[in-house]
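Novice: Sequence isn't available, so here's the structure alone:
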């Protein structure tokens, strides 16, 4: 038994020393405070004009010090919900959109947006559509998106 006492004590001393370093390291406690802190505002869907597709708009705010990325969206309204990036006059489906640290990702008419494809039903003005936003780092966020008139234009937030 005595031959193990030396290595065990050295290992225990090393663990105590490492634990002490971690506890006093300000970067480890700051990292929890600087994580992405996401919230959603100004969500809406214009009443779709077709039976098969709809668009969705919202703002994802990040009050944290770490950037994140919107990677996918699901909804019981549609078979597929895709994320689209608009550049100039063209839009294309993308795998994700960045949510900057201490910033926001704006999904708006004429810009980046969500496309609800292969609708299971056509929602009407006054209804609410449930969707789930999935991110690289943060937990998913469930959003209740109100359906507005087809000509609705937000006055703020977009």
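Specialist: That came in fine, so what should we check first? Predicted model, so just to flag it, every value in this text is computed and none were measured. Numbers count the residues shown, from 1 in each chain.

Novice: Next, the contact list for the closest residue in space to residue 128 that isn't next to it in sequence, please.
Specialist: Nearest non-adjacent residue to residue 128, counting by CB to CB, 6 or more residues apart in numbering: residue 144, 4.9 Å away. C-beta: built from backbone N, CA, C; applies to glycine. Residues near residue 144 by CB atoms under 8 Å, 6 or more residues apart in numbering: 43, 128-130.

Novice: which residues does residue 151 contact?
Specialist: Shown in contact with residue 151 (CB under 8 Å, 6+ apart): residue 46.

Novice: Which strand or helix spans it?
Specialist: Remark: residue 151 resides in no helix or strand, with elements defined by DSSP states H and E.

Novice: Make 54 the first number, not 1, from now on.
Specialist: Fine by me, first position is 54 from now on; the one you just mentioned is residue 204.

Novice: Is it possible to get TSV of the contacts of residue 197 that adds distance to residue 131 and neighbour count?
Specialist: Converted to TSV, the contacts of residue 197 look like this (distance: CB to CB, whole Å; neighbours: other CB atoms under 10 Å):
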residue	distance to residue 131	neighbour count
96	15	21
181	14	12
182	9	22
183	11	12
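
Novice: Helices along the chain, start to end?
Specialist: 55-77, 79-86 (DSSP state H).
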